[in-house]
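Q: The sequence and its predicted three-dimensional model are supplied below.
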Amino acid sequence: MQTINELSAVLDKLASDDKFRAQLLNDPVATLAGLGIALSPQDLPDELSLPSKAEIAGDRNELMKQLESTGTMVPFLLSGMLTAA
């Protein structure tokens, strides 16, 4: 499990850093490995997309409550969804 600080840092980058967002969509496994976060390619959704920066910023606190680790958060966000089904 990743720490709450790592989760917070990833959300901050997703809410503000266009370069990070592009890298994450292009190669999520390598991008996250660069942050020390291991993600298996099998955990990725079939289609990758991200919520807008504004949506992530606006829902940041709720996302922090819903998602316990970056291991579950990143595939969830890469699906383009902000709320669990």
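A: Arrived safely. Residues are numbered from 1 along each chain as shown.
Q: shouldn't residue 38 be in contact with residue 32?
A: Yes. At 7.5 Å, residue 38 and residue 32 qualify as touching, with contact defined as Cβ atoms under 8 Å. C-beta: built from backbone N, CA, C; applies to glycine.
Q: Against residue 8, how distant is residue 50?
A: According to Cβ to Cβ, to the nearest Å, residue 50 stands 17 Å off from residue 8.
Q: In the protein, where is pLDDT below threshold?
A: Counting by pLDDT under 70, the chain shows low-confidence ranges at 1-2, 67-76, 79-85.
Q: try 80
A: 1-7, 61-85 (pLDDT under 80).
Q: Can you report phi and psi for residue 9?
A: Taking degrees, to the nearest 10, you get phi -60, psi -40 for the backbone angles of residue 9.
Q: Give me the three-state assignment for the closest residue to it other than its chain neighbours.
A: Excluding the flanking residues, the one nearest residue 9 by Cβ to Cβ, 6 or more residues apart in numbering is residue 35, at 7.6 Å. For residue 35, the assignment made with DSSP: H, G, I helix; E, B strand; the rest coil gives coil.
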